[in-house]
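Peer 1: give me a 3D structure for the following:
(2 chains)
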Amino acid sequence: MQQLTLETLIAVFEEIFGAALFWTMVAVAAIITVLYVYVLIRDRSVSWRKFLWAQLSMPFGAVAAVLFVQKMTNSSLNDIGGPIDVFVLLGVAVAGAIGLAILVYTAESLIWPKREEEF
Amino acid sequence: MQTSRRQFFGLAAGAAALIGAQTAPARAEKVKTKARIVILGAGAAGTALANRLDERLDGAEVTLIDGRKEHLYQPGFTLIASGLKPAGYSVTRTTDWLPASATLIPEYAAEIDPVGKKVTTAGGATVDYDYLIVALGIKLDWDAIEGFSLDLVGKDGIGAVYAGADYAAKTWAAMDRFTDEGGEGLFYRPATEMKCAGAPLKYTFITDDCARKKDTRGKVNITYAAHSKSFFGVPIVNEKVRMLFEDRGFETTFDHVLKAIDPGRKLATFSTPEGEKELPYDFTNVIPPQVAPDVIRNSDLPWQDGNWASQGWVEVDKGNLRHVRYPEIFALGDIAGVPKGKTAASVKWQVPVVEDHLIAAIEGKEGTAVYNGYTSCPLITRIGRAMLIEFDYNNNLTPSFPGIVAPLEELWISWLMKEVALKATYNAMLRGKA
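Peer 2: Numbers count the residues shown, from 1 in each chain, chains lettered A, B, ... in the order given. Okay, here's the model as predicted:
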């Protein structure tokens, strides 16, 4: 590749997921992020109890992200052929884990605002 | 809390600045000109150049001449023929991609007069030019294969991935049946120059993989009949392909050039140094000789002697793609008579070179950009893995991501690039953006 611009990168993701699904996912991710920032500012502190649940959800997010990407790209774990593939796979898993953790934390905070926090 | 919030906003501002910088690259001022530029062919090369010229020139009269209504994303044919994408995956309209500033004459060119500097269209119109860009692509010479006709594709084990998006889909139907039922799979390539010399190899690998995934590989025999003494023109890649073919259990033979097929008896006839030989098939991917379109072969533009003269490739300097005898003519893409580079990836590297020399000529200067023969071939070795092979005129590997994406390893990331990133990059190239 001669140059990688944001425009090309967006086009790549549209190609992977289809334009409709990609922009829906972007919208959902943006909404969750905004809500996450909202609850952080509203609560003025991180709730460690909620954070625990968010952490427990992370492995599920990681596995789900990997399965999703493999499904969309007609590939499987058997196709991992070298170190770079492992890094890409881990990157997808980490993104899925963090994404789901933020989702879980935000959902908890919105549903049960300011519950008793202390252990 | 306050610190972290400040950090957050700082980060956000930084990211925004970065994105802003990427999306708004500095553009040189447009060159004012009244030059009449005619581009023959509105495929990948012609379209990409038209969009680049739209950004670089002010007042130029850019005319494209092409009778084909559909734009074909040809790298997608392999994926269609693998059952992963529908035929529509590769087909858009030619007019979807052209800049508003350019005029499209929706007719084929019939005659080129490089001395009088004019092109005559099939409809009889005459178009004068100051600069001519020949980007007419390749002619698939199906008639050169005795016994073959395109109506046969999809039936009786006959495939033809190159023939077009619909034919690629029909090829998948035939290959799908073959890998259910088993038998002899026969693969080869023509002895002429050809577009994407990796594609015949890819489809051999994919057929093998398809049978393995269906658990029918035991009743499938695969033969690759090479046209010369090697599978691939770049020696280091050839050696890797040889190893992979051995690993996959393919039978191989050399110096076989397809001459005829007999669909009734399911036999393919090859010319070999020892005379004609017949090989049986239950499935075969027919690839015909590839030559320059008739309008070029009937003109004074091709090389004057050697193989390239008979095949009709345009006689250009391999570094700047400028015609050796007519300096106001350039050739781009498959039609260019250069040692390598009949792929969309080559087009991507060639377009900026022609753009540079063309605009320099308009300004009365000499261009400086050089095309080094760059070609890229994401050589699929099974569904889910590929080797990202990139090389130049000198058969040097020229990896885009050295030390990260190894060119001769079968990798998932290279598959991802082929399956998902390539079309997006190609589309960006068409729009003159990459």
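Peer 1: count of residues packed around the closest residue to residue B:176 other than its chain neighbours?
Peer 2: Closest residue to residue B:176 apart from its sequence neighbours, by CB to CB, 6 or more residues apart in numbering or on different chains: residue B:83 at 6.2 Å. All C-beta atoms are positioned from the backbone trio N, CA, C, and that covers glycine. The number of residues packed near residue B:83 is 17, by other CB atoms under 10 Å in any protein chain shown.
Peer 1: could I get the phi/psi values of the most centrally placed residue in chain A?
Peer 2: What sits nearest the mean C-alpha location of chain A, by CA atoms, centre = their mean, is residue A:99, with 2.4 Å. Dihedral angles of residue A:99 (phi, psi; degrees, to the nearest 10) stand at phi -60, psi -50.
Peer 1: distance of it from chain B?
Peer 2: To chain B, residue A:99 is 18 Å away according to CB to the nearest CB, to the nearest Å.
Peer 1: what helix or strand is the nearest residue to residue B:433 once chain neighbours are set aside located in?
Peer 2: The spatial neighbour of residue B:433 that comes closest, neighbours along the chain excluded (CB to CB, 6+ apart), is residue A:7 at 6.2 Å. Secondary-structure element containing residue A:7, defined by DSSP states H and E: helix A:6-17.
Peer 1: chain center to the helix or strand that comes right after that helix, what's the gap?
Peer 2: Counting by DSSP H and E, the element after helix A:6-17 in chain order, helix or strand, is helix A:19-43. How far helix A:19-43 lies from its chain's middle: 10 Å, per CA atoms, centre = their mean, to the nearest Å.
Peer 1: pretty sure residue A:93 is in a strand, no?
Peer 2: No: under DSSP: H, G, I helix; E, B strand; the rest coil, residue A:93 falls outside any strand and is assigned helix.
Peer 1: wait, doesn't it sit right on residue A:66?
Peer 2: Yes: Residue A:93 lies in contact with residue A:66 (CB atoms under 8 Å); the separation is 5.4 Å.
Peer 1: and residue B:99, that one's in a helix?
Peer 2: No: with three-state DSSP as the criterion, residue B:99 is coil rather than part of a helix.
Peer 1: okay, now the nearest residue to it once chain neighbours are set aside: neighbour count?
Peer 2: Closest residue in space to residue B:99, ignoring its immediate chain neighbours: residue B:54 at 3.7 Å, by CB to CB, 6+ apart. Residue B:54: 19 surrounding residues under other CB under 10 Å.
Peer 1: give the contact list for residue B:54.
Peer 2: Each residue near residue B:54 by CB atoms under 8 Å, 6 or more residues apart in numbering or on different chains is listed here: B:62, B:99, B:101-102, B:432.
Peer 1: residue numbers of chain A in contact with chain B?
Peer 2: Proximity of chain A to chain B is confined to A:1-3, A:5-8, A:11-12, A:14-16, A:41, A:44-45, A:73-76, A:78-82, A:84-85, A:88-89 under the rule CB under 8 Å from any CB of the partner chain.
Peer 1: of these, buried ones?
Peer 2: Using 16 or more other CB atoms under 10 Å in any protein chain shown as the burial test, the residues of chain A next to chain B include A:8, A:11-12, A:14-16, A:73-75, A:79-82, A:84-85, A:88-89 as buried.
Peer 1: pLDDT score assigned to the nearest residue in space to residue B:156 that is not next to it in sequence?
Peer 2: In space, and not counting its chain neighbours, residue B:156 is closest to residue B:263: 5.3 Å by CB to CB, 6+ apart. pLDDT, residue B:263: 96.
Peer 1: got it, and residue B:107?
Peer 2: Looking at residue B:107, the pLDDT reads 97.
Peer 1: who does the closest residue to residue B:152 other than its chain neighbours bridge with?
Peer 2: Nearest non-adjacent residue to residue B:152, counting by CB to CB, 6+ apart: residue B:158, 4.7 Å away. Beta bridges link residue B:158 to residue B:284, judged by DSSP bridges.
Peer 1: show me the helices in chain B, by range?
Peer 2: B:2-23, B:44-56, B:77-80, B:165-181, B:199-214, B:235-248, B:294-297, B:307-311, B:344-362, B:412-416, B:422-430 (DSSP state H).
Peer 1: any chance of a markdown table for those, columns mean pLDDT?
Peer 2: Output for the helices of chain B, formatted as a markdown table (pLDDT from 0 to 100):
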| stretch | mean pLDDT |
| --- | --- |
| helix B:2-23 | 40 |
| helix B:44-56 | 97 |
| helix B:77-80 | 97 |
| helix B:165-181 | 98 |
| helix B:199-214 | 98 |
| helix B:235-248 | 98 |
| helix B:294-297 | 97 |
| helix B:307-311 | 90 |
| helix B:344-362 | 96 |
| helix B:412-416 | 94 |
| helix B:422-430 | 89 |
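Peer 1: that older thread, residue B:425 is in contact with the residue nearest to residue B:433, correct?
Peer 2: No: between residue A:7 and residue B:425 there is no contact under CB under 8 Å: 10.9 Å.
Peer 1: show me where pLDDT drops low in chain A?
Peer 2: For chain A, applying pLDDT under 70 flags the ranges A:1-4, A:114-119.
Peer 1: now with 90, please.
Peer 2: Low-confidence regions of chain A, defined by pLDDT under 90, span residues A:1-19, A:39-40, A:42-51, A:72, A:108-119.
Peer 1: could you report the neighbour count for residue B:110?
Peer 2: For residue B:110, using other CB under 10 Å, the count is 16.
Peer 1: confidence score at the nearest residue to it once chain neighbours are set aside?
Peer 2: Counting by CB to CB, 6+ apart, residue B:122 is the residue found nearest to residue B:110 once chain neighbours are left out, at 4.7 Å. pLDDT recorded at residue B:122 is 97.
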